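Peer 1: need coordinates for the below:
(2 chains)
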Amino acid sequence: MKKSTAQRILQDPEKYAHHDRVFLNNPVVMQGMGLAPLVVIATTGLNAGMLAVAVTLMLTPSRVLACLVSRLFPLSEDPDKEQLQKMLLPRALVYSLSAAVVYLAVYPILNALFGTNLLSLGIYLPMLVVEPLLTYRFGRVQEPLHKAVSKGVRITVGYVLLLLVLGCVREWLAAGTVFGTPVGRYALLPVARMPAGGFIVLGVLCAVWRAAVTRRRAYLEKEARDLISVHDQKEAERKE
Amino acid sequence: MKDVVNTSVVFFGYALVAIFAQNAIFTRALGVSRLVHLVGDDRTSSWLFGMQLCITQALVAPLAWYAGSWMAPLPFRAPLRPLMYALCIAVVCIAEHLVLHYTALPWRDTLLHLVPLAGLNSCVLGTVLVERTQSFTRVQSLGFGLGSGAGYLLAVLLVTEGRHRLRSRAIPTAFRGMPVALVYIGILALAIYGFTGHSVIL
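Peer 2: Numbering: from 1, shown residues only, chains lettered A, B, ... in the order given. The predicted model follows:
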């Protein structure tokens, strides 16, 4: 761990964790975004993979497009009631319609890549245009372009990671395979392929993930404290 | 007279199917991300949100039905579908916003805040897409749309009640909040399968 990272962790552990959209502040586990496709569609590794490609192609471009257009309806840091009433609806429409416009370009690519397999995503592929994962930003302060790109990429990585993990776990539980390859002799939990099973498996996965996050954060803070104290000792010895 | 009775039966039949057998949350997880936030947010009234959603669903259903019929012969309808339906939702949301803005209805400020949240929601778009996928007629779409909104409200109330009872210290820390709410929704969904089976068309 670098000293600058240790200082950032000790200065504001919440801010440090908030910045990490892959593990410590995963958009699904910590913020509950994008749950519907996870619960219903991510039943196999292949489905999860197709959805992951769709989200990868859509999330950052739509966020960038929305960021540019929503400058017409900027929201300040602490908006008053009047500004919220005036800006919230146009901003929400900008974010959803931007995603729908990006979908126009993304759909032919997905169709070329996956062909008829794409039909197994059903209504959950077009539904991405109103997923909070892509549109949650409308109720927040106007972000600059570089932040839209960087957050878009980080959120995509975090979501795709969880999507693939959940898809593989559910396929293993429901069919005893992972990406079609047999793993073990039995299907341990056939209900995992249904939405009810999806809710339960996702709930358990979120709990395990959250427990791991708590441990990781405690470990990082301890490491950062130790590193800074060793560094301070060395500094003191050097001065002597 | 017979036509009126038939239409009413179809309307209420589809509304009932959407509330129970094909509940938006328990069978298709439509709008579950918003639900998870809603039940954890004491500042937003579940009743008002549910009411706003029902109104939006009922208004969007006929508009989307006409848009779907217009798009049906187009060769590039698949990529165009979300944009068209999002535009239908946008028209309804703007109309609701204007009505609320120029009238003095009770809870006006809260409802103005809820219009985009209840409109641009995967429950609304998902229901419209289901109606198209299953080739519903206009009356069926209207009944199903209204029923989906009512079913969503039912799910919100059930999960809110469940969440109040799931504050026990016996629940491991990592499960508290969203994870245990998801497990609870899963168990409720299983109960619904017990009545209806699970054969939902996506």
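
Peer 1: phi, psi for A:Val178 please.
Peer 2: Geometry field for A:Val178 lists phi and psi as phi -130, psi 120, criterion degrees, to the nearest 10.

Peer 1: ah, wrong one, I meant A:Thr177
Peer 2: Per-residue torsions, A:Thr177: phi -130, psi 160 (degrees, to the nearest 10).

Peer 1: what's the neighbour count on it?
Peer 2: 16 (other Cβ atoms under 10 Å in any protein chain shown). Every C-beta, even on glycine, is put in place using the N, C-alpha and C of the backbone.

Peer 1: and for A:Val40?
Peer 2: Around A:Val40 there are 26 other residues, counting by other Cβ under 10 Å.

Peer 1: again, but for the one 5 residues further on
Peer 2: Here the number of neighbours of A:Gly45 (other Cβ under 10 Å) works out to 24.

Peer 1: please name the nearest non-neighbouring residue to it.
Peer 2: Among residues not flanking A:Gly45 along the chain, A:Phe179 sits closest, at 4.0 Å (Cβ to Cβ, 6 or more residues apart in numbering or on different chains).

Peer 1: can you show me the helices along the chain?
Peer 2: Since no chain was named, I'll use chain A. Assigned by DSSP state H, the helices in chain A fall at A:3-11, A:13-19, A:35-40, A:45-69, A:81-114, A:132-135, A:145-175, A:195-239.

Peer 1: if you could check chain B rather than the one you did, that'd help
Peer 2: B:2-16, B:24-28, B:32-39, B:46-71, B:77-102, B:108-119, B:122-133, B:138-165, B:178-196.

Peer 1: pull the number of nearby residues for B:Val99.
Peer 2: Per other Cβ under 10 Å, the neighbour tally for B:Val99 reads 13.

Peer 1: look at A:Thr181 and say how many residues are nearby.
Peer 2: By other Cβ under 10 Å, the residues close to A:Thr181 number 8.

Peer 1: okay, the residue nearest to A:Gly45: pLDDT?
Peer 2: For A:Phe179, the model assigns a pLDDT of 94.

Peer 1: list the contacts of it.
Peer 2: A:44-46, A:168, A:171 (Cβ atoms under 8 Å, 6 or more residues apart in numbering or on different chains).

Peer 1: return the residues in contact with residue 157.
Peer 2: I'll assume chain A. When contacts are counted by Cβ under 8 Å, 6+ apart, A:Val157 touches A:21-22.

Peer 1: think we crossed wires, I meant chain B
Peer 2: Counted by Cβ under 8 Å, 6+ apart, B:Leu157 has contacts B:46, B:50.

Peer 1: quick check: end-to-end length of stretch B:18-37?
Peer 2: Taking Cα to Cα, to the nearest Å, the first and last residues of stretch B:18-37 lie 22 Å apart.

Peer 1: and that stretch, what's its mean pLDDT?
Peer 2: 91.

Peer 1: ditto for stretch A:44-63
Peer 2: Averaged across stretch A:44-63, pLDDT comes to 97.

Peer 1: right, and B:Leu129 touches B:Ala86 too?
Peer 2: No - here B:Leu129 lies out of contact with B:Ala86, judged by Cβ atoms under 8 Å, at a distance of 11.1 Å.

Peer 1: quick revisit: the contacts of A:Phe179, buried ones only, as a PyMOL selection?
Peer 2: Remark: buried members of these, expressed as a PyMOL selection using 16 or more other Cβ atoms under 10 Å in any protein chain shown:
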select buried, chain A and resi 44+45+168+171
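
Peer 1: closest to chain B out of the contacts of A:Phe179?
Peer 2: A:Thr44 (13.9 Å; Cβ to the nearest Cβ).

Peer 1: ok, and the closest non-adjacent residue to that closest one?
Peer 2: A:Glu171 (4.4 Å).

Peer 1: also A:Trp209?
Peer 2: Distances taken as Cβ to Cβ, 6+ apart put A:Val29 closest to A:Trp209, at 4.5 Å, once the chain neighbours are dropped.

Peer 1: contacting residues around that neighbour?
Peer 2: Neighbour list for A:Val29: A:162, A:205-206, A:209-210, A:213 [criterion: Cβ under 8 Å, 6+ apart].

Peer 1: so which of the residues you listed wins on neighbours?
Peer 2: Highest neighbour count within the contacts of A:Val29, by other Cβ under 10 Å: A:Cys206, with 27 neighbours.

Peer 1: ok, back up a step: farthest pair within the contacts of A:Phe179?
Peer 2: Maximum pairwise distance among the contacts of A:Phe179 (Cβ to Cβ): 10.2 Å, between A:Leu46 and A:Cys168.

Peer 1: need the contacts of A:Val29 in TSV (columns: pLDDT).
Peer 2: Converted to TSV, those look like this (pLDDT from 0 to 100):
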residue	pLDDT
A:Leu162	96
A:Leu205	97
A:Cys206	97
A:Trp209	97
A:Arg210	97
A:Val213	97
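
Peer 1: list phi and psi for the residue nearest to A:Gly45.
Peer 2: Torsion angles at A:Phe179 (phi, psi; degrees, to the nearest 10) stand at phi 50, psi 40.

Peer 1: okay, it and A:Glu171: tell me how far apart.
Peer 2: For A:Phe179, the distance to A:Glu171 (Cβ to Cβ, to the nearest Å) stands at 7 Å.

Peer 1: next one: B:Val60
Peer 2: Distance, B:Val60 to A:Glu171, using Cβ to Cβ: 35 Å.
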